[in-house]
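1. Got a predicted structure plus its sequence, pasted below:
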Amino acid sequence: SNNTACIFEVEYGKPFYLTARVLSTTRNYFVDSNGVNPQIQIFTEDATYDHQKFDNVPNGYDRLYISAFSASVKPSCQIGEYTAVASKNELYDVSGFDAVPTYYGTYLSQKITAINNAMLTSNDAFIFVTDIHIGANSMASMPLMREILRHTSINKVFMGGDIPTAYGTESSMIAQANKFRKEYNDNILPYGHYYSARGNHDLTIRTSADDTSGVTYPWKAAYDYLHRKQEEYTDILDSRGYYFIDNSSEKIRYVVLNTCEITNTSVSFGITPYIRYEQLKWLGDVALNVPTDDWHVFVIGHVPMASDMSGYSEWVQKAEVLLSAYQEKAVSDSITVNDYAGESHTFTIDFSNYKGVLIGYICGHNHLDEDSDEDGVLSISTTSDAMFNTDGYGRSFGTTSESAFDVVCIDKANQSLSLIRVGAGNNRSFIYPPA
């Protein structure tokens, strides 16, 4: 601060109160860094306090300037204290929704109407959000998902992995993980069940793109952030991060894979896409073994398994070999993979007498909206919830494009999926199995 102005920085799109005390009868205006008067102004009286509420900081400015303007004001005039204070609960109240940014009001109402209409012909539905990367995320998706859970019959959220950003410090990684845990505790768990898959950044971080120093935490630490809260309603097999849950009423099984089983704590970025022998055998022998033909199976993970999708892994593709054979009710091709002890196994699985229908596989990792029908398996990827502009949607903070996740509606009778996009991107629909 100097004698004529006070400068402070706030985040884009973040609400705050400004309290000003000016020891003069000067009229004061708020102006942006280009010297332009915004719509909000404040008029002050001598030695009094005035309060002005901002909905959010204008896009394109990294700071606001508060200055005194009057022909009678001299440069030596005294400017009082200026303080920015977050006041989330008072600032957000949009169309009956609690604590969502104002620019989502009408938009969110329309999305909820579309979801409720789709649910009339659906057997089940869930929210799928992935690649949150909290350091590059406004976190608007959390209250948006909460309001969808509150205003629809959806009762579950699947998170496809990747909590922290790729680069930063160990302390920033843990701060992001803690924030993630608080956000889903506050927004998801009171209204529905939360299920997660491990991503290749859970939990590891590198100092920078040019500096390979950093840290990788052991699997147990990632488990604590990703899965611990699920233990009361999910059987996590051997705490290894792969499991299934059943909607027995609608006869739909959700199988969650851990596509990033290798953890090397001696290096940063020490988490590698890989599905070990034990998990593949569990997938074939247990998870896909549904009791009757009217069961449908949806598989969820982080890394793409189809070779014609961005970011796929040849090691994760081995699961696609099993899914393809299950779809055809045939003997799988031979698979060679290591187990937890590092020993190699070559095996096949015979699905000839198995029941049920494979819906497909949904994942993240590539930060793109893609799909594939490789080997008769429907594979779908959803772009990142974090605001990376790699998906071509021209995203920006402070708009409805800052977030991105799907509401996935399953229609068993027509063997179809309706993906309703909330945020950047478009709605999508699919038939399963692919023609």
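-> Good, I have the coordinates.

2. Would you mind pulling the contact partners of the one helix or strand Tyr361 maps to?
-> Using DSSP states H and E, Tyr361 maps to strand 357-363. For strand 357-363, the external contacting residues (CB atoms under 8 Å, 6 or more residues apart in numbering) are 128, 130, 158, 160, 252, 259, 288, 293, 295-305, 319-320, 323, 326-327, 377-382, 408, 410, 415, 417, 430, 432-433. Backbone N, C-alpha and C define where each C-beta goes, glycine included.

3. which is the next helix or strand following it?
-> Counting by DSSP H and E, the next helix or strand C-terminal to strand 357-363 is strand 370-372.

4. Can you name the next helix or strand after that next one?
-> Taking DSSP H and E, what comes next after strand 370-372 is strand 379-381.

5. Quick one: list the elements packing against that next one.
-> On a contact count with 3 or more CB pairs under 8 Å, 6 or more residues apart in numbering; DSSP states H and E, strand 379-381 meets strand 357-363, strand 370-372.

6. Let me have those in a markdown table, adding mean pLDDT and mean neighbour count as columns.
-> Output for these, formatted as a markdown table (pLDDT from 0 to 100; neighbours: other CB atoms under 10 Å):
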| stretch | mean pLDDT | mean neighbour count |
| --- | --- | --- |
| strand 357-363 | 98 | 24 |
| strand 370-372 | 98 | 19 |
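
7. Please identify the buried residues of the top helix by length along the chain?
-> As assigned by DSSP state H, the longest helix anywhere in the chain is helix 170-187. By 16 or more other CB atoms under 10 Å, the buried positions in helix 170-187 come out as 170, 173-174, 176-177, 179-181, 183-184, 187.

8. State the distance from Ala413 to Val129.
-> To Val129, Ala413 is 27 Å away according to CB to CB, to the nearest Å.

9. Pick out whichever of these two has more residues nearby.
-> Taking other CB atoms under 10 Å, Ala413 and Val129 do not tie; Val129 has more neighbours (26 against 8).

10. Quick one: closest of the helices and strands packed on strand 379-381 to His193.
-> Closest approach to His193 among these (CB to CB): strand 357-363, 17.0 Å.

11. Each with direction, which strands does the closest one pair with?
-> strand 296-300 (parallel), strand 379-381 (parallel) (DSSP bridges).

12. in the helix or strand just after the longest one, what's buried?
-> It refers to strand 296-300. Going down the chain from strand 296-300, the next helix or strand is helix 317-328, by DSSP H and E. Using 16+ other CB under 10 Å as the burial criterion, the residues of helix 317-328 that qualify are 317-327.

13. again with stretch 340-352
-> By neighbour count on 16+ other CB under 10 Å, the buried set for stretch 340-352 is 349, 351.

14. what residues does it touch?
-> Outside stretch 340-352, the residues that touch it by CB under 8 Å, 6+ apart are 276-278, 281, 284-285, 288, 322, 325-326, 328-339.

15. what about burial for those residues, which qualify?
-> Among those, the ones that count as buried by 16+ other CB under 10 Å are 276-278, 281, 284, 288, 322, 325-326, 332, 335, 337-338.

16. and Leu144, what is it in contact with?
-> 100, 104, 108, 403, 405, 422-423.

17. tell me the two of the residues you listed that are most distant?
-> Farthest pair in the contacts of Leu144, by CB to CB: Val100 and Phe405, 14.0 Å.

18. Could you pull up phi and psi at Thr121?
-> Main-chain torsions, Thr121, degrees, to the nearest 10: phi -120, psi 10.

19. tell me which helix or strand of this protein sits lowest on mean pLDDT?
-> In the chain, the helix or strand scored least confidently by mean pLDDT, DSSP states H and E is helix 88-91, which has a mean of 28.

20. Which one of the strands paired with strand 357-363 lies nearest to Asn366?
-> Using CB to CB, the nearest of these to Asn366 is strand 379-381, at 5.5 Å.

21. how about the CA coordinates for the helix or strand just after that closest one, as PDB?
-> Next in sequence after strand 379-381, counting helices and strands by DSSP H and E, comes strand 404-411. Only the C-alpha atoms of strand 404-411 are listed here, as PDB (Å, rounded to 0.1, in the frame of the first residue of the first chain):
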ATOM      1  CA  ALA A 404     -15.900 -31.500 -16.500                       C
ATOM      2  CA  PHE A 405     -17.600 -34.800 -15.400                       C
ATOM      3  CA  ASP A 406     -20.200 -37.200 -16.700                       C
ATOM      4  CA  VAL A 407     -23.500 -38.500 -15.400                       C
ATOM      5  CA  VAL A 408     -23.700 -42.000 -16.800                       C
ATOM      6  CA  CYS A 409     -27.200 -43.500 -17.300                       C
ATOM      7  CA  ILE A 410     -27.600 -47.200 -18.100                       C
ATOM      8  CA  ASP A 411     -30.600 -48.500 -20.000                       C
END
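
22. what pLDDT, on average, does strand 404-411 get?
-> Per-residue pLDDT values over strand 404-411 give a mean of 98.

23. Excluding residues flanking it in the chain, which one is nearest Ile188?
-> Leaving out its chain neighbours, the residue that sits closest to Ile188 by CB to CB, 6 or more residues apart in numbering is Tyr194, at 4.7 Å.

24. same deal with Thr263?
-> Trp219 (5.0 Å).

25. ok, how many other residues are close to the one you found?
-> 22.

26. distance of it from Asp339?
-> 16 Å.

27. Was I right to think Ala424 contacts Thr383?
-> Yes - contact status for Ala424 versus Thr383: in contact at 6.9 Å, counting by CB atoms under 8 Å.

28. Buried ones among the contacts of strand 357-363?
-> The buried subset of the contacts of strand 357-363 (16+ other CB under 10 Å) comprises 128, 130, 158, 160, 252, 259, 288, 295-305, 319-320, 323, 326-327, 377-382, 408, 410, 417, 430, 432-433.

29. Now do the end-to-end distance for stretch 234-252.
-> Stretch 234-252 has its terminal residues 15 Å apart, counting by CA to CA, to the nearest Å.

30. which residues are contacting it?
-> 123-124, 195, 197-198, 219-220, 222-223, 226-227, 230, 233, 253-258, 261, 278-279, 282-283, 287, 290, 292, 294-298, 359, 410, 412.

31. which of those residues count as buried?
-> Neighbour-count burial (16+ other CB under 10 Å) applied to the contacts of stretch 234-252 gives 123-124, 195, 197-198, 219, 222-223, 226-227, 230, 253-258, 261, 278-279, 282-283, 287, 290, 295-298, 359, 410, 412.

32. Filter these down to the ones in strands?
-> Using DSSP state E, the members of the buried ones among the contacts of stretch 234-252 that fall within strands are 124, 195, 253-256, 296-298, 359, 410.

33. of all these, which two lie farthest apart?
-> Every pair of those checked by CB to CB; the farthest is Tyr195 and His296, at 17.3 Å.

34. In this structure Arg150 contacts Ile188, no?
-> No - at 11.0 Å, Arg150 does not count as touching Ile188 under the criterion of CB under 8 Å.
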